[in-house]
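Novice: Turn this into a structure:
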Amino acid sequence: MQWLLAILLVAYLVTFAAPLSLDARSAPPSAATVLSRSNLRPGPGMTYAVVGVVVAGQRVQVAGMAVVRQRPQTAKGMVFVSLEDESGLLDLVIRPDVYLKVRTVLRDHPLLVVRGLVQRAGTAVSLLVQSVTRLVS
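Specialist: Numbering: from 1, shown residues only. A predicted model of the protein is given here:
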């Protein structure tokens, strides 16, 4: 009887459930980024979707919520941050000299305005950070 219930459950999920995406970049936006963006228009920056089509090397400004911060020991002092807005996640690359200037803002404020240069490696897009300020709505 239990195996029958398991088969029925799998069949139901395959038939009726929405497909699950394991890619965080396609996840729905958090409420914080959607609510904050409404206060930004015409706003201090582009969305991730717009940055995705910008030419490499162009200077842009984006706003969003820092959701992941990493400082791997093997990265020679580089810091990596994932910035979320209503259209997805943008990877930020922060050099050690820039991190020394902006570390207090990065640690103390989740909502940020970031300026930097667009970098491309294949289909991956990231932002080489030049400055970070806290987002004041």
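Novice: contacts and neighbour counts: CA atoms only from here.
Specialist: Fine.
Novice: Just the pLDDT at Ala32, thanks.
Specialist: Note on Ala32: pLDDT of 51.
Novice: do Val10 as well
Specialist: In this prediction, Val10 carries a pLDDT score of 42.
Novice: go on, Leu13?
Specialist: Per-residue pLDDT puts Leu13 at 42.
Novice: same thing with Leu100?
Specialist: 95.
Novice: hang on, it in a helix?
Specialist: Yes: counting by DSSP: H, G, I helix; E, B strand; the rest coil, Leu100 is found in a helix.
Novice: Give me the contacts around stretch 120-133.
Specialist: Applying Cα atoms under 8 Å, 6 or more residues apart in numbering, the set of residues contacting stretch 120-133 from outside is 52, 56, 90-95, 98, 102, 105-106, 112-119.
Novice: Can you mark which positions in that stretch are buried?
Specialist: Buried positions in stretch 120-133, judged by neighbour count with 16 or more other Cα atoms under 10 Å: 125-130, 132-133.
Novice: Dump those residues to a markdown table, plus secondary structure, pLDDT and distance to Gln70.
Specialist: Shown next, in a markdown table, are the buried residues of stretch 120-133 (DSSP: H, G, I helix; E, B strand; the rest coil; pLDDT from 0 to 100; distance: Cα to Cα, whole Å):
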| residue | secondary structure | pLDDT | distance to Gln70 |
| --- | --- | --- | --- |
| Val125 | strand | 90 | 17 |
| Ser126 | strand | 93 | 15 |
| Leu127 | strand | 94 | 15 |
| Leu128 | strand | 96 | 15 |
| Val129 | strand | 96 | 14 |
| Gln130 | strand | 96 | 17 |
| Val132 | strand | 95 | 16 |
| Thr133 | strand | 93 | 19 |
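Novice: Show me what the helix or strand harbouring Leu83 is packed against.
Specialist: With secondary structure defined by DSSP states H and E, Leu83 is part of strand 79-85. Judged by 3 or more Cα pairs under 8 Å, 6 or more residues apart in numbering; DSSP states H and E, strand 79-85 is in contact with helix 31-38, strand 59-70, strand 88-94.
Novice: by how many degrees do the shortest one and strand 79-85 diverge?
Specialist: To tie it back to what came earlier, the one meant is strand 88-94. Orientation check (axes from the mean of the first three to the mean of the last three Cα atoms, to 10 degrees): strand 88-94 against strand 79-85 gives 150 degrees.
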